[in-house]
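# for reference, the sequence and a predicted model appear below.
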Amino acid sequence: MNPWIIANVLEIKKWTNNLFSLILRADIEPFHAGQFTKLSLYDINNNNKKIQRAYSYVNSPSEKNIEIYIVRVKNGKMSNLLYNLKCGDKIFIKKKSFGFFIINEIPDCKNLWMFATGTAIGPYCSILKEGKNIDRFNNIILVHAVRYYNELTYLPLMKELYKKYNGKLKIQTITSRDKSNKDSLTGRIPILLQNNSLEKKIGIPIESHTSHIMLCGNPAMIQDTYLFLKNYRNMKKHLRRSPGNITIEHYW
């Protein structure tokens, strides 16, 4: 059984008009970094019908507070209800967590690439904050793609993690509609792979015999990146029954 339990809203961090983080406290069971949970509440605009959505943790399993990074979707029922919560409100959360997008499922390799779009940076924050079973990788390359530079909400945390890993962690931000920051690449992940801009900037090649790829976020990014890696880098999906080089977490 996996019952719904009460989660207390401690804080709501509104980063932009569309991006926010929920800070919750709830008596959930221990989870693995990279997993996701489900939140639920009653829709007061629809006869108090209970609605639910899946969201990944930003916090590490060892942290007391639960942190969820959310995009406010226009006309989205759940995200707008969550956005308008107040400190002290209560919502529902699943007692047990879900998913296999965790570091223990990743095979040993020299270079681990972590690709994220938007709020899908969450699982990587959780994994890197926890830091378990990371030593077996020589390099970890964290790539976060957003539309505008001000949507890089967790860049300060990423910079803290960069210092923590003493050169093991490489960080590359990408903006698709904003050229204001010289350190960020401009474009979409699949295109920056096709024209070799990303690997050139990082200085590490993506090779099937040295690299493993984690993809999390926008389905279009995942599909296009997967096809590029399959067709041009001789990579395939990683499954327990059939080991490969690509691990995928769809975000919607």
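On my side now, so go ahead.

# contacting residues for residue 240?
The contact partners of residue 240, by C-beta atoms under 8 Å, 6 or more residues apart in numbering, come to residue 105. Glycine gets a C-beta too; all of them are placed from N, C-alpha and C.

# element containing it, please.
Per DSSP states H and E, residue 240 falls between elements, in no helix or strand.

# likewise for residue 191?
Assigned by DSSP H and E, residue 191 falls within helix 189-194.

# what's that helix packed up against?
In terms of contacts (3 or more C-beta pairs under 8 Å, 6 or more residues apart in numbering; DSSP states H and E), helix 189-194 is packed against helix 197-202, helix 219-232.

# check which element follows the last one along the chain.
Per DSSP H and E, helix 219-232 leads on to strand 246-250 as the next helix or strand towards the C-terminus.

# now the angle between helix 219-232 and that following strand, please.
Using axes from the mean of the first three to the mean of the last three C-alpha atoms, to 10 degrees, the direction of strand 246-250 lies 160 degrees away from that of helix 219-232.

# alpha carbons only: can I get strand 246-250 in CSV?
Extracted as CSV, the C-alpha positions of strand 246-250 are listed here (Å, rounded to 0.1, in the frame of the first residue of the first chain):
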residue,chain,number,x,y,z
ILE,A,246,21.0,6.3,-22.2
THR,A,247,18.7,6.6,-19.2
ILE,A,248,15.5,8.5,-19.7
GLU,A,249,13.0,10.2,-17.4
HIS,A,250,10.0,11.8,-19.2
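
# contacts for that strand, please.
Strand 246-250 is contacted from outside by 34, 99, 101, 105-106, 120, 123, 212-216, 219, 222, 226, 229-230, 235-238, using C-beta under 8 Å, 6+ apart.

# redo that, cut-off 6 Å
By C-beta atoms under 6 Å, 6 or more residues apart in numbering, the surrounding residues in contact with strand 246-250 are 101, 213-216, 219, 222, 229, 235, 237-238.

# circling back: quick one: mean pLDDT over the helix holding residue 191.
Mean per-residue pLDDT for helix 189-194: 98.

# in that helix, what counts as buried?
Within helix 189-194, the residues scored as buried using 16 or more other C-beta atoms under 10 Å are 189-193.

# same list (those) but as JSON lines, adding distance to residue 159.
As requested, these are exported to JSON lines (distance: C-beta to C-beta, whole Å):
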{"residue": "189", "distance to residue 159": "21"}
{"residue": "190", "distance to residue 159": "26"}
{"residue": "191", "distance to residue 159": "26"}
{"residue": "192", "distance to residue 159": "21"}
{"residue": "193", "distance to residue 159": "24"}
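
# from these, pick the one nearest residue 56.
Set against residue 56, the nearest of the buried residues of helix 189-194 by C-beta to C-beta is residue 189 (18.6 Å).
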